[in-house]
Every structure is written in structure tokens, then in C-alpha cells.
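A.B. asks: How does the following fold in three dimensions:
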Amino acid sequence: KIRFYINWARPEAYYDSRIIETRFYQPGFIPLTQYVDNGGPEMEYVYKVSAVDDSNNESLPSKEIYIDNLPPRVRIDSPAKNSSVGKVINIKGSIEDYNFKEYSVEYGAGENPSEWNLAGKTSSLTSVKHFNNIFYWNTDGLNGIYTFRVVAVDKAGNTTERRVTVQVDSDEPAAPTNLK
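C.D. replies: Next up, the predicted model:
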């Protein structure tokens, strides 16, 4: 008989990390090779699996298995909705995810664009991203109502999108004339 132990914990990026041990075994000579997690609180999990025989000899643990059922958290602090913006917009806010993969900034004409244009994209190997300046968007040549969106993706494929509509005025004022 072989007993399998599964230890799971919230990732270290969260302050109340803890390990919980689950024990299960398959009677008879067939080892249990599957475990179905019926869910728990919405969070990210890290599993390690080891086997223990009837003499309490324990194998080395498996590689860590990451289960991520949470999408990235995206917040846009500025510019504010419906604000007037100039040629270069400093998009401020934050993106957080333990299993972070990448984010992009896209824009489209109007309040509910049917087409999106890529303003910029970035990726990183860092797990948790905290930003003040998410992106500098150069709106040269754009005028009118535009909506931009920040789309964040984690390595599990979870996606979050935040949108803000702004009034873009990228035209420079005319130079003063008739000065004497």
C-alpha cells in the first residue's frame, strides 16, 4: 500500500501563507495516481506530492505544481474617466499577480471600440508586479474620444481588462503671430 501526501499552500507573495496536509491512499496493490481537488477559496495554490509506504518511508516531494484560479488584479488610477488628455498620457495604476506573465495597452476610437490598436506590450519573469507608471501612451495624430485598455495575463491564462475613455487633444496650439 502506498499513501500519497499532498501539501498545499498559498504562494509566499501572500502574507498568511500556510501549509495544509492532505493524506489519502488506495487500498490494495494499485497506487492512487489521481487526486481531484474539489475547490477551495478563490486563490492560487502550490502543491507538492510525496509518497509514504506502510513503513513510513517517504519519497522526495514532487516538483511544485501551481494551481492558479485568480485573474490578475488591475487598477488604473489616472487618467480619470472622461478627462481631457494631451499628446503623451502617463497611465498610472497597478497590476498584481503571483503568476504574472504580461500586459498590453491598447486603444480604439470611441467609447466602445470595435477595433483595438496595440500601443505597447511588456512581459516579465517577475511574479508580482506593482507599478505607478504602467505606460506612456503617445497619442500623436489622434484627436477625439478614445478608449484605452490595460489587459493583464498570468501564466495560467487568466486575464483581466480595465478600460478608461478619454478626450484626446494631441494638436499643438498655433504659434503666436502679430507680435511687435
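A.B. asks: Would you tell me what the next helix or strand after the helix or strand hosting Ile145 is?
C.D. replies: Following DSSP states H and E, one finds Ile145 within strand 143-154. Downstream of strand 143-154, the next assigned helix or strand under DSSP H and E is strand 159-169.
A.B. asks: Mind giving me the packing neighbours of that next one?
C.D. replies: If you count contacts as 3 or more Cβ pairs under 8 Å, 6 or more residues apart in numbering; DSSP states H and E, strand 159-169 packs onto strand 73-78, strand 84-85, strand 143-154. All C-beta atoms are positioned from the backbone trio N, CA, C, and that covers glycine.
A.B. asks: Go again with 10 Å.
C.D. replies: strand 73-78, strand 84-85, strand 88-96, strand 100-109, strand 133-138, strand 143-154 (3 or more Cβ pairs under 10 Å, 6 or more residues apart in numbering; DSSP states H and E).
A.B. asks: Include distance to Asn57 when you put those strands into TSV, please.
C.D. replies: Written out in TSV, the entries for those read as follows (distance: least, Cβ to Cβ, whole Å):
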stretch	distance to Asn57
strand 73-78	43
strand 84-85	66
strand 88-96	41
strand 100-109	39
strand 133-138	52
strand 143-154	37
